[in-house]
Each structure stands twice: as C-alpha cells, then as structure tokens.
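K.L.:
The following block contains a protein sequence and its predicted model.
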Amino acid sequence: MGEKCNIGIFFCHPENGHLITLDWFDIIERMNNISRVKIVWNSRQTLLIDIDEFAKIISENDIDRIIISGFDVGISKTFIASAMEKASKNPKEIILIDFMEYGISNESDKNKAFSFVECAVKGVIFDPSEFFTNNKVNQQTLIIGGGITGIQASLEIANAGKKVFLLEKTGTIGGHMAMFDKTFPTLDCAACILTPKMVEVGQHQNIEILTYSEVKEVNGNPGNYKVKILKKARRVDITACIGCGICSEKCPSKVYSEFDSDTCLRKSIYIAFPQAVPNKYLIDESSCIYVESGKCGVCVKVCPADCIDLDEKDKEIEIDVGNIIVATGFKTFDAKKTEQYGYGKFPNVLTSLEFERLINASGPTGGEITFRSKDKKGNWVFAPNNGSPKSVAIIHCVGSRDVNHNKYCSRVCCMYSLKLAHLVKEKLPDTEVTEYFIDMRAFGKGYDEFYERIKSEDVKMIRGRASKIEQKNGQMYIRSEDIINDKLIEEKVDMVILAVGIEPRDDAGELEKILGITRSDDGWFMEANSQSNTNESFSGGITIAGVCQGPKDIPDSVVHGSAAASRVLRNIMKGKVKKGFNDFSSSEIISIVKEFSLKMEGKS
C-alpha cells in the first residue's frame, strides 16, 4: 500500500451520545494539508445518501484510496465501498481509523489522532501489538472483583498452575449472584451454581483471597506491576474465628443489611450470608459502638476463640503481578431518581434486588412474600407473617433506555422481570401479576421460549411505559399506556417491583485513574475493540471482564471471565505482554508513526 496514489478522507463526526472534547474541525483542516490528499469530506456536510453522486466525486478527483476516520467508522464503509466500485476503483482500498478504538476522545489526543490519519494516508496502520515488554513477565495475577466473573477467571488461571490474588472490596466473594434466588431461563438455584465455585476458590492452593480490601496504587510496566493494597481491619482474626456466631447474637448494635438490599437488619459484627467465603465474622466499623465511642466490647467478652481485636488498624501491603484483570461488576440504578414511581415514599414499592432477597430462602422472611412494615424502632423491614399482596406490578426499564438517566439497555431486566413474575405465581398462585414493558428483549438461548412460558402462566402483559404510581385511601394505583389497545389505563395494585437497570460502580472513576485505563462516555470500562477484542484495555497487561465492561447476563459474564483468563495465560506462556495505546505517550506514538511514515515514503 506504499505506492503513490490520490487520497480521499471521509471524517465521521461523533454521534450516538459520545462525549467527545476533541477539536475535530482543527483535525479536518490539517487533513486538507497532507500530501496526496485530494479531498476531505465530513459526515455533517456530506450525507451518504446518493451512491452515484459520491462515485462521481471519486471519479472527478481520481481518488484511489479513501481513509474513513473519526467515530463509528464501520457504519460508512459499505456505502463508500459501493461508491468506489461504481467509480471503477478498488473497493478494497479503504482504511478505517476509528478514534474510539485508539482510545482517542479528548483534546489532549488531537496530535495523536492526526498522526494516525497521516500514517494511514501513507499506507501504514500503527499497531501496538508489534511492541512488547522486553522484561520477564511475572506469572502472578491480580483479579479485582470477587463476583462470578472474577471467580471464574481465578479458577481458570489457578487450575493452570499459576498464582492468583483475588481481591474483593466487601467481606465475602460471590458478588450480586449470591443475592439471587433463581437464574433465568432455566430457573436453576443461583446458590447451587455459585457456592461450589466459591468453596473451590476458598480452598484452592493457587488462590489467595484478599477480602475487605481495595487497590490504592499501581506502578510498573505491563508484565511487571507493583500493586499497593489497603487491607481494611476486619477486627476478627479469620485464622482463629470458628464462626460460632455467639458474638453476633450478643452484639447490641443493628443496621440495615447491604447484602439483603436493606430489606432487614443485621448486627455490627456479622457474616453477610450463611455460605460466605471466607465464612468468618467481620466488624462494620461504621456502626460498631466500640469503634465510635470506645464503649461496649461485648463481642470480645463472649468470643470463645479469643479472635476479636477491636483496636486492629487498616494496613497496606504490596504485591508483584504481571497481569491484572478488572472484574468489578456494577451497581443497580437508584430508583429514588424516578420520583414518579414513589420509591422511598410508598413502602411496598420495591426494587428488583430487594424482591430477590425477599423471595430468597435465606432472606429476611425465609422466602415468604410479605408487605414491608415498621419494626418497634421505626425501621422499615420485611418480616414473616405480615400479609401477602393480591396484585403485583412489575415495571420494566427503570433507569434504562431513558434519556433522563441511562440511554442504554441494561440487557438483563426483561428476563429477570419474567423470572420474578414466575416466582410470584409459584409462591402465590392466586395473585394477579402484571408486567409493564416497552418491548421484550429476549435475546439469549432459551430466552424467547422462557417469555412464552411465563405468558402461559397467566401473567398479564401490558406493552407500554408506566407513567406514575399514586396512593388513594391507602391503596396504590398505577397509571400506564397500553399501546396494543391504544388507551391509557389505571389499575389497582398492592405491590410494585421496579426492574432497575444496571450502571457502573461509583468507584469506577477512581480505578480508572489508578490503573490508567479508559472508560466510555456511559461510564463502563473501555475495551480495545468492541467487536473483536472486548477483554483487553488500552493498557498492556490489564484486562477487563464481566459487567464492568458493559451490561451482561450471568452466562456471558462467565464466558467473559474465562476469555480474560485466556489472555493472561497467553501472556504468561509467551513470557511477554504487548503494550496498549495508553502505555505510549503522545510524543512516543507520534515519533513511531512518523518513523513508519518515512519508511513508507522511501518505498513509494
């Protein structure tokens, strides 16, 4: 591709809500001054509508090659290739330079972006995979996040005989999957799938679990990273704790249980759930009376193993690893932001995660579906034998596919809503269940069949967005559109489940800075290529896996975790790690690109 030829450049402006600070007009102006460039189009002025007209322009300017640069460039390729063919030019003489795939979105990347285009004009594509670390690769791996994705990746690498550090911010591994009752579409027991893997991780000789810990600093280069980790004080010695539970029984302090999505209370010294790994107690310093006031200490007095140290301090450790997998997962959308649904105002408007804990056998009611009520101290909790709803409404897309919140689809909400409807009918057969949905996105294996199954279980389906929930004389009413019957409706309901979407964790921005990786405009960690390489980041030796890269269901998260592990094992086997775009400074990339360009000039 080094021969002399006339070049055309088609620049694709950022669309689809991309948050770009790049001054693309300056880039377009500079493109016009590149040697061999005969014409520069841009998508805001040249609409790709008339192939014959575009082919005429190609012929008139005798264009031999077209560089499609900018954002989402693949969308334009088919049209431009057809126009090249009509103009009797080679349709294969098209080069794509997608700025998003090069990690380019900020004004500071402008020179880098221009250099990539300049290099493409001369027939060379800059590829960091040609550049590898020369130092020996450390065979130890750090996995950040102990959910199902991190667990799967840990086992894959550890079973290959390599050491893994599995770091989890909370007191136990398991993540969100540990909170679920059943999985869709098979309705398998979530704990039956997850807990054997958790136990295997806990007992594996090649896996060291670091719970209640956070990454504070990462230094070094791909293949050899030094990672500083803050190990927060559990105040319970996990090597000595026998898990008897006497300390928790006697503890006088109670707070809402995060694991149970605040549907009930737990003690300040606690195990998140019976199958937790490690199955050892932990003291929550934010609610412990002794930590706050220096008084109490009941747990120390009653502990038969003498394993509690209320004065234990946080400590910092440092580990050396060659590869890092980021599998930090997600958080659920804050339903209070959708004020029209009354979450936080009406006690029996629940989020889907709250309902997951309510129907779970290890939840606050032992799996009984009851109303929420105040306890003796005024806390809103679920308790057994508190009455059951006769009608339940499930509202889809809460916080997702919404220009006011998250524009993207969270992918899992339709299916888990169907699952929840089934579980309501299973436990309360006479209860009327209604699903309010925009459209049903049953995309996976067996998913559409599951949808048809739920419809046959006498679950009422209303296609339309619910607009508001009101309460009149102690009774809730839901207003909605009914698109199929072309009318507005209002129905009485006892309980409402909000199918909240998923979004990036609050600490994703901090981790982005620590690791030097990139996030997309909607906050998810950015993959190297959205089509062919969804695991690797723009930083060498740092791989992303699971929902932290974008919304996924459990099967896809497991596969993504295995794929991330395969990337790590490849690096270990080769003994070298390729660098990513973020490992090069702008000046280094510009220098390399210019060097390539000069070589190609000499050949042409």
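P.N.:
Received the coordinates, thanks.
K.L.:
just checking, Val381 is part of a strand?
P.N.:
Yes. Using DSSP: H, G, I helix; E, B strand; the rest coil, the secondary structure at Val381 is a strand.
K.L.:
beta partners for it?
P.N.:
Val381 has the following beta-bridge partners by DSSP bridges: Ser373.
K.L.:
Number the chain from 20, please
P.N.:
Done: numbering now begins at 20, and the last item shifts to Val400.
K.L.:
now it: how far from Leu517?
P.N.:
Here Val400 is placed at a distance of 19 Å from Leu517 (CB to CB, to the nearest Å). For every residue, glycine as well, the C-beta is placed using N, CA and C.
K.L.:
any weak-confidence spans in the stretch 320-469 of the chain?
P.N.:
For the stretch 320-469 of the chain, not a single residue meets the criterion pLDDT under 70.
K.L.:
where exactly do the helices run in it?
P.N.:
371-378, 432-446, 466-474 (DSSP state H, counting those that start in this stretch).
K.L.:
Rebuild those helices as CSV, extending it with distance to Glu219 and mean neighbour count.
P.N.:
Formatted as CSV, the helices of the stretch 320-469 of the chain follow (distance: least, CB to CB, whole Å; neighbours: other CB atoms under 10 Å):
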stretch, distance to Glu219, mean neighbour count
helix 371-378, 24, 25
helix 432-446, 26, 22
helix 466-474, 29, 16
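K.L.:
May I see those organised as JSON lines, with distance to Val321 added?
P.N.:
Below are the helices of the stretch 320-469 of the chain laid out as JSON lines (distance: least, CB to CB, whole Å):
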{"stretch": "helix 371-378", "distance to Val321": "28"}
{"stretch": "helix 432-446", "distance to Val321": "38"}
{"stretch": "helix 466-474", "distance to Val321": "49"}
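K.L.:
Which one of those helices lies nearest to Gly528?
P.N.:
helix 371-378 (22.8 Å; CB to CB).
K.L.:
circling back to that earlier point, have a look at Val400 and Leu517 and say which one is more surrounded.
P.N.:
Counted by other CB atoms under 10 Å, Val400 and Leu517 do not tie: Leu517 has more neighbours, with 30 against 20.
K.L.:
Give me the distance between that one and Ser429.
P.N.:
12 Å.
K.L.:
tell me the domain boundaries of this structure?
P.N.:
Here the domain parsing of the chain from automatic domain parsing is 26-149+603-622, 151-251+333-349+523-602, 253-331, 351-522.
K.L.:
Tell me the span between the first and last residue of the third one.
P.N.:
Distances were taken as CA to CA, to the nearest Å; on that basis the terminal residues of domain 253-331 are 8 Å apart.
K.L.:
Deepest-packed of the domains of the chain, please.
P.N.:
domain 151-251+333-349+523-602 (a mean of 20; mean count of other CB atoms under 10 Å).
K.L.:
Now do the end-to-end distance for it.
P.N.:
11 Å.
K.L.:
Run the chain-centre distance for it.
P.N.:
12 Å (CA atoms, centre = their mean, to the nearest Å).
K.L.:
Show the pLDDT at Gly21.
P.N.:
Looking at Gly21, its pLDDT reads 48.
K.L.:
which residues sit in contact with the residue lying closest to Phe456 once chain neighbours are set aside?
P.N.:
In this structure, Phe456 finds its nearest non-sequential neighbour in His415, 4.1 Å apart by CB to CB, 6 or more residues apart in numbering. When contacts are counted by CB atoms under 8 Å, 6 or more residues apart in numbering, His415 touches 432-433, 436, 454-457, 518.
K.L.:
got those residues as JSON lines, with distance to Asn109 columns?
P.N.:
Output for the contacts of His415, formatted as JSON lines (distance: CB to CB, whole Å):
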{"residue": "Cys432", "distance to Asn109": "46"}
{"residue": "Cys433", "distance to Asn109": "45"}
{"residue": "Ser436", "distance to Asn109": "51"}
{"residue": "Glu454", "distance to Asn109": "53"}
{"residue": "Tyr455", "distance to Asn109": "53"}
{"residue": "Phe456", "distance to Asn109": "48"}
{"residue": "Ile457", "distance to Asn109": "45"}
{"residue": "Ala518", "distance to Asn109": "50"}
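K.L.:
and which of those is nearest Glu529?
P.N.:
Proximity of the contacts of His415 to Glu529, judged by CB to CB, is greatest for Cys432, which lies at 27.1 Å.
K.L.:
how near is the closest one to Asp128?
P.N.:
From Cys432 over to Asp128 the distance is 35 Å, taken as CB to CB.
K.L.:
Tell me how far Glu531 lies from Asn154.
P.N.:
25 Å.
K.L.:
no no, Glu104
P.N.:
48 Å.
K.L.:
where do the strands sit along the stretch 520-623 of the chain?
P.N.:
Per DSSP state E, counting those that start in this stretch, the stretch 520-623 of the chain carries strands over the ranges 521-522, 561-563.
K.L.:
Make JSON lines out of the ones you listed and add distance to Phe352.
P.N.:
Converted to JSON lines, the strands of the stretch 520-623 of the chain look like this (distance: least, CB to CB, whole Å):
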{"stretch": "strand 521-522", "distance to Phe352": "6"}
{"stretch": "strand 561-563", "distance to Phe352": "21"}
